[in-house]
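> Fold the following, please.
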Amino acid sequence: MPRKVVPIGPHVLTLIEDARADLACAALSVREGENEPTFNLSDALPDHADDEAVDAFKKAIIETLCQFDADELRPAEQRCRRIRALAEGKGRTSLTTIVEQKFDDDQAQEFADQPDPLCRSIWVFLNARQIFEDAESFHFARQFRDYGKMYDAFEVELEKAAVLDATSVDEAALATKITKALELKTNCTVKALDLPATSAHPASIILIVRHGGPLSSVYDHRDDGRRGTIYFRPPNEATLIYTPSMRQIEVCADSPVVRQEVAGVFASVTLGHDVSQKPLTWKRYNLSRFRSSLQLDPPKVEGFEIKFARVLEAEIRLGNWSRKLLLKVAIEDDLGEVADRYLRPNNIFRRADGFSRIGIAVAYNRVGDEKERTLNITISGSKSCNLQSNKDPEERNLGFALLDAWGILSAFKQIDPSDLRAIFRQLVALHDRVEDEVSGAYLREMGLDPDHMIQGGLLERRGRQDIVLIDHDDMVGEGTVKPSIHEGMVRTIGPFGQSGGIRPATDLEMYEINRQWLHETVVRLMKPLLNKRSSQVLDADLTLLGSMQIDASEVPVYFARRLEDAKTLGRLDLALRSRDKTGVGIVLAAGTDHPTCLGPNVVVPILTNLSPDGEELVVAKNGLDLAFRTNLSLARGGATPQVLRSGKQSATLYVPGEGSVALVGADQIKLFERLVAAEKTGSPDVQVKELMEGLGSRSPQQAFRADMWDSLLNVYISKGAKRGYWRLVTTKLARESVPETPAEEPV
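Here you go, the predicted structure:
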């Protein structure tokens with residue numbers, strides 16, 4: 001007999017089994033939405049001292065919940081997961097830290113009277129939800145330090161560390177400034193809390209910034225079977241931690257622009273730091289050089305004499321972040337030799353995917369001073385280094401100079417807007433690339449300086465190419481890269497050991513594009529073009545920028561990339577046709593290979609409509625106006641049905657009164673060319689056998705993906721008057737007169 005599947009999740013089950021019965025029942029009775037079910041748990045709470053009654057009560061709760069589906073129990077499971085997260089490990093400390101600051105004496109006593117950490121977490125969730133959420137934000141902020149895509153650490157160049165606490169933070173002024181800086185449609189809220197010093201972190205201040213995201217919507221299937229639309233503004237959050245002793249601002253948020261703007265406003269309003277004169281900087285630490293060698297050559301640093309520099313500590317991760325291997329040696333040891341001697345020559349440190357911690361000892365003396373000194377540098381991950389907390393400014397400068405000379409350090413400084421406008425063409429072309437990695441040679445051909453791009457956060461180093469394509473004299477094929485006696489050059493060796501010539505080492509350096517930051521930089525440069533700004537990412541390759549005014553009308557403006565890719569073109573066409581109620585708009589294309597229209601929108605290439613150098617608008621508004629007016633009629637379907645090819649595998653279908661349709665692949669193009677030709681002859685019905693002759697499918701439906709076919713059926717293509725025939729739909733009247741036919745009609 002098959003075993004019955006229990007729908008209750010592990011977090012709900014743990015809460016029922018481990019928490020006090022009354023608190024578990026109260027937590028499970030919480031409903032945060034109309035679509036959540038009501039469990040109707042018993043109000044007859046047992047005596048806490050009666051174990052048998054408590055066990056029976058908990059079994060009754062489980063039996064009641066087992067009557068519901070797993071989908072119906074999912075909201076309760078998520079709430080229980082949040083409660084448990086603040087009852088275990090560092091979550092327990094996070095909750096206690098916030099509670100101690102925010103509760104009055106009576107609340108603090110009631111909190112302390114709860115029997116265990118789980119019950120205390122439940123009690124705060126039920127009785128002080130805002131404080132519970134603040135504790136969650138603090139807990140996540142510490143965790144996000146390990147997630148580079150959501151975390152940045154900025155440094156503030158203050159003459160001396162500012163003495164601050166949460167009471168000195170003007171929350172209202174910060175909220176007003178942040179709302180303006182982020183161009184939010186609704187006001188944000190700011191809450192400041194003190195974080196006491198711990199063994200791992202100095203005393204800090206935490207700011208929790210809560211704000212609304214772009215207006216969005218989802219379809220809702222109602223109980224009566226009808227479909228409705230729910231409009232909502234998703235809640236977003238940024239968490240900022242300022243550590244006065246380190247002069248460091250840490251920000252967690254899902255957008256690099258939000259991280260930078262929030263940090264800048266805090267530095268300006270709270271610290272009195274002039275961001276326009278001294279922009280905030282962040283530093284990145286690249287430990288990849290230690291994959292090839294743990295040796296460090298002492299460089300020349302003005303004002304200092306370096307005796308030696310040695311790696312005394314190296315930590316690697318084994319498969320995932322929870323497993324690690326740490327090797328430490330004394331200052332007189334060579335860590336690489338120790339690893340080879342005790343872990344064998346082909347040891348894990350030589351094969352490490354990456355290093356998570358490196359400790360370096362530097363022996364030095366200052367010029368003119370006989371005293372020998374030692375500087376310890378510890379780098380943890382890509383964004384943390386102990387140098388920032390070093391109280392000696394000369395030692396801090398020495399340490400950063402050494403890390404820079406070894407190629408470990410790269411410092412971020414925001415690129416001046418005028419410089420960004422000057423390279424706007426290259427930024428757009430870079431963003432249109434399919435691959436995330438680019439070579440130094442490619443960047444040089446584009447006229448971009450990799451070091452400048454890295455400082456601006458647009459690129460990150462990814463090592464050097466080991467294999468290259470050789471096209472030298474009569475030799476063509478893959479070759480390997482070897483060192484050269486010439487400074488700044490490398491040798492290439494062919495497959496049989498023959499010389500393939502020398503190349504600049506910088507050409508073979510590989511870089512990874514910071515997609516999110518590059519995208520937001522390009523979008524920000526185009527914003528002055530818009531009359532209304534409401535940036536919203538609709539797809540990885542499609543963004544709604546806002547609208548611009550043309551002939552007294554608000555025209556939606558989109559930014560699209562990779563339109564030369566057939567799959568991307570079809571996907572974005574479907575997404576834009578689903579938004580046809582917004583009217584005819586403009587799609588700014590990053591590339592030059594694109595159709596004239598995409599959905600009910602005119603496509604305009606950005607790179608052929610740039611403004612002259614020196615103008616504020618990077619894109620010429622007059623060019624967009626002209627392109628829009630010229631192709632407005634075509635975007636609405638044109639005067640007659642037609643299929644216009646834009647390549648061997650891409651074309652656009654135009655039908656009067658309807659938006660255009662992007663056709664991808666020979667089958668789709670040929671199919672609609674035949675339907676259009678039949679319509680123009682006055683005999684619109686085409687037999688399915690004739691329609692599909694020579695194509696790779698037997699039915700029109702088979703030539704399209706399911707979602708695209710659903711969008712075309714009875715809108716652009718429908719059953720003919722007789723069975724086995726298809727026709728092009730040209731009028732709304734024709735669509736209404738033809739019944740829906742979801743089934744396929746094979747040849």
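
> Show me how this protein divides into domains.
As recorded under automatic domain parsing, the domains making up the chain are 10-140, 147-279, 285-413, 417-513, 516-639, 665-747.

> Quick one: mean pLDDT for the shortest one?
When you say that, I think you mean domain 665-747. Domain 665-747 carries an average pLDDT of 79.

> go on, the first one?
Average pLDDT, domain 10-140: 90.

> rewinding a little: please name whichever of the domains of the chain is nearest to residue 654.
For these, the distance to residue 654 is smallest for domain 516-639, at 4.3 Å, taking CB to CB. Heads up, the C-betas are built off the backbone N, CA and C, glycines and all.

> Can I get stretch 101-110 in CSV? Just the C-alpha atoms.
Only the C-alpha atoms of stretch 101-110 are listed here, as CSV (Å, rounded to 0.1, in the frame of the first residue of the first chain):
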residue,chain,number,x,y,z
GLN,A,101,18.1,48.4,21.8
LYS,A,102,14.4,48.7,21.0
PHE,A,103,12.5,47.1,23.8
ASP,A,104,11.5,48.9,27.0
ASP,A,105,12.0,47.3,30.4
ASP,A,106,8.6,45.5,30.4
GLN,A,107,9.0,44.2,26.9
ALA,A,108,12.6,43.1,27.6
GLN,A,109,11.5,41.2,30.7
GLU,A,110,8.6,39.4,28.9
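
> highest average neighbour count across the domains of the chain?
Highest mean neighbour count among these (mean count of other CB atoms under 10 Å): domain 516-639, with a mean of 18.

> Could I get the average pLDDT for it?
87.

> Quick one: end-to-end length of it, please.
41 Å (CA to CA, to the nearest Å).

> And for stretch 681-696?
Stretch 681-696 has an end-to-end distance of 26 Å (CA to CA).

> Residues in contact with that stretch: which ones?
Under the contact criterion CB atoms under 8 Å, 6 or more residues apart in numbering, stretch 681-696 has outside partners 666-667, 670-671, 674-675, 678, 698-700, 703, 720-722, 724-728, 730, 745-747.

> So which of the residues you listed are in strands?
Counted as lying in strands by DSSP state E, out of these, are 725, 726, 727, 728.

> Make CSV out of those residues and add distance to residue 424.
Shown next, in CSV, are those (distance: CB to CB, whole Å):
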residue, distance to residue 424
725, 52
726, 47
727, 47
728, 42
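
> What is the nearest of these to residue 236?
Looking across the ones in strands among the contacts of stretch 681-696 and measuring by CB to CB, the closest to residue 236 is residue 728, at 45.4 Å.

> thought the closest one was touching residue 719?
No. Using CB atoms under 8 Å, residue 728 is not in contact with residue 719; the gap is 11.8 Å.

> Next up, phi/psi of the nearest residue to residue 539 once chain neighbours are set aside, please.
Among residues not flanking residue 539 along the chain, residue 575 sits closest, at 5.7 Å (CB to CB, 6 or more residues apart in numbering). The phi/psi pair for residue 575 (degrees, to the nearest 10) reads phi -70, psi -40.

> now swap in the one 3 residues further on and tell me
The phi and psi values for residue 578, taken as degrees, to the nearest 10, are phi -70, psi -10.

> State the distance from it to residue 651.
21 Å (CB to CB, to the nearest Å).

> What of residue 725?
Distance, residue 725 to residue 651, using CB to CB: 23 Å.

> Which of the helices or strands spans the residue nearest to residue 275 when sequence neighbours are not counted?
Leaving aside its chain neighbours, residue 275 sits nearest to residue 264 (4.8 Å; criterion: CB to CB, 6+ apart). Assigned by DSSP states H and E, residue 264 belongs to helix 256-269.

> same question, residue 663
strand 661-664.

> Show me the strands paired with that strand, marking each as parallel or antiparallel.
Using DSSP bridges, the strands paired with strand 661-664 are strand 650-654 (antiparallel).

> Tell me how far the strand it pairs with lies from the chain's centre.
33 Å (CA atoms, centre = their mean, to the nearest Å).

> where does residue 386 fall, phi/psi-wise?
The phi/psi pair for residue 386 (degrees, to the nearest 10) reads phi -70, psi -10.

> what's the closest non-adjacent residue to it?
Excluding the flanking residues, the one nearest residue 386 by CB to CB, 6+ apart is residue 378, at 4.5 Å.

> Would you agree the one you found falls within a strand?
Yes. If the criterion is DSSP: H, G, I helix; E, B strand; the rest coil, then residue 378 is within a strand.

> Any stretches of the stretch 201-350 of the chain with poor pLDDT?
The stretch 201-350 of the chain contains residues with pLDDT under 70 at 201, 214-222, 227-232, 276-277, 279, 281-282, 319-322, 345-346, 350.

> residue ranges of the strands in it, please?
204-212, 216-221, 227-232, 235-243, 248-252, 281-285, 304-318, 320-328 (DSSP state E, counting those that start in this stretch).
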